[in-house]
Each structure stands twice: as C-alpha cells, then as structure tokens.
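**Q** just the structure for this:
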Amino acid sequence: MDKPEPLQPVDESWERALCIVAHPDDIEYGAAAAVARWTGQGKWVGYTMVTSGEAGIDGMHPDECRRVREQEEIDSARIVGVDTVDFLEQPDGILEYNVALRRVLAAEVRRHRPDIVITGNFRDTWGGANLNQADHIAVGKAVLDAVRDAGNRWIFPEQLTDSVEPWGGVRAVWAFGSPQSTHGVDTTDTFDTGVESLKAHAAYIDGLGWENWDPREFLEGGARAAGQRLGVAFAAPFEVFPMGWGD
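**A** As a prediction, the model looks like this:
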C-alpha cells in the first residue's frame, strides 16, 4: 500500500477566519480542535451554519430539533472560543448549489470580512466507499464561488449599503476532512478541547442511535492519521484553495 503523502503546515499568518458549513456539528467532526488552537492564538473565528440541522433527528419534530441543535452548536462553539454563530435557516437535507445559495453566503463573507474561509469536505466521498452527504457538497461548492462573488461589487449589488462593502480579502478557502487534503494543522495541544466540543452535541449523537459510539475514539482515528502525515501526534487535514489570481 502506498504511503500517504506528507501534509504541509497551513499558513497561519491571518487574523480572521469564517467557518461556513451545512449543519450544526459539522465543524466538530475534526476541525474544532484547530479552531481552539486559533482562538487560543488570539485570532477571531466565526461560525455560519447554513441550516439548523432540523431534519437530523428522526424521533424529534423539526421545530424542536432546530431549537435543540442551534443551542448545542452555540454551546459547542463557546468551548473552543467562538462567540459568533450565525444560522442562515436554509432547508436542512435539501440544499442545492445555485445562485440563491451563493447569494446568502456572499452576504456572510461581506459582513464578516475574513482572511480565510473554512468549509467542510465537499468531494463526492470521504476517500473510500462512503459517500458524502448532499448538503455538504452543495455548501462547499457554493462557498468557493461566494467568496469570489463577495469581492465583485456588481454581483449581488443589493447587499451593498453604507455599512457593507465588497470584500475581496479572502486569501484561501480551506476544506477540512477532504480526501484530497494537502495541508494540516497541529491539534495535539487542543485535541481534548475538540472532543469536548463534539460531546456538546449530545442530543444529536443520542438521536443517531449509534450504540457504544465514543466521540474521543472517533476523533482520534482521523487525528492520528493526519498527525502521522504532519509529523505530530494529532492534526486536522485541509484541502487548500488559494483565491488569488495565479495562485
């Protein structure tokens, strides 16, 4: 079996990052420990949930599920030092990559003006036979385009007001958990915080009905594998998409 290619350290010379994902708990499946590292460095990190995950628990009505999952995400974010959590209230489970989705995401980028935008894996699979979920794919693809849209004043110009201007300052989009990851972040010192962040989604985890599922054991598998490629104990892997011309 071929040995996986080593991961390169990501460029951490930035001050603001915005994480845009489909559902509450998406960030916690591997990236929250990296977020804890960055907030510990004094960086600003914000979260944008495109949906509220209201279709995620079979035994709970969507109205109640929305309330529960939003609160779990807010609590989870606080554990890793994130105070800004936006919910865009798009329909869970049936997101489509289209202009409408690009529009709402571009508005978030323009409002928060990040240097880096982080999303989840939007490849068709997780690197094997396990198919990715449709919402993840739609959001990730829309994020790439929305970041470029945000810098063009003639795209979605209705968003531009006295307090909102175009924002072309995003240097790169990072997709965590991608099977095509080439970069990584050392999460050895913040791994435990990432585990606690995932544990905060107790109602959702319980609703999945995974018997004897352990958050720490689950996260360790991916973090150790990525760590070996980065030369550390634990790491979070990212696929990096530079946004500058010619990069």
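**Q** distance of the residue nearest to residue 166 when sequence neighbours are not counted from residue 103?
**A** Beyond its immediate neighbours in the sequence, the residue positioned closest to residue 166 (CB to CB, 6 or more residues apart in numbering) is residue 153, lying 4.5 Å away. Using the backbone N, CA and C atoms, a C-beta is placed for each residue, glycine as well. From residue 153 across to residue 103, the span is 14 Å (CB to CB, to the nearest Å).
**Q** tell me the secondary structure at the residue nearest to residue 166.
**A** Following DSSP: H, G, I helix; E, B strand; the rest coil, we place residue 153 in the coil state.
**Q** my read: it touches residue 167, true?
**A** No - Residue 153 sits out of contact with residue 167 when judged by CB atoms under 8 Å, with a separation of 10.1 Å.
**Q** quick one, which of those two is more surrounded?
**A** Counted by other CB atoms under 10 Å, residue 153 and residue 167 do not tie: residue 167 has more neighbours, with 16 against 13.
**Q** just give the strands next to the lengthiest strand in the chain in its sheet, each with its orientation.
**A** Ranked by residue count and defined by DSSP state E, the top strand of the chain is strand 235-242. In the sheet, strand 235-242 lines up against strand 172-176 (antiparallel), strand 183-186 (antiparallel) (DSSP bridges).
**Q** which one, of those strands, ends up nearest to residue 91?
**A** Closest to residue 91 of those is strand 172-176 (CB to CB; 22.5 Å).
**Q** could I get that closest one in CSV with only the CA atoms?
**A** Output in CSV follows, covering the C-alpha atoms of strand 172-176 (Å, rounded to 0.1, in the frame of the first residue of the first chain):
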residue,chain,number,x,y,z
ALA,A,172,-7.9,31.0,0.6
VAL,A,173,-10.7,28.6,1.3
TRP,A,174,-9.8,25.5,3.4
ALA,A,175,-11.9,22.4,3.3
PHE,A,176,-11.4,20.2,6.4
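**Q** all set, thanks.
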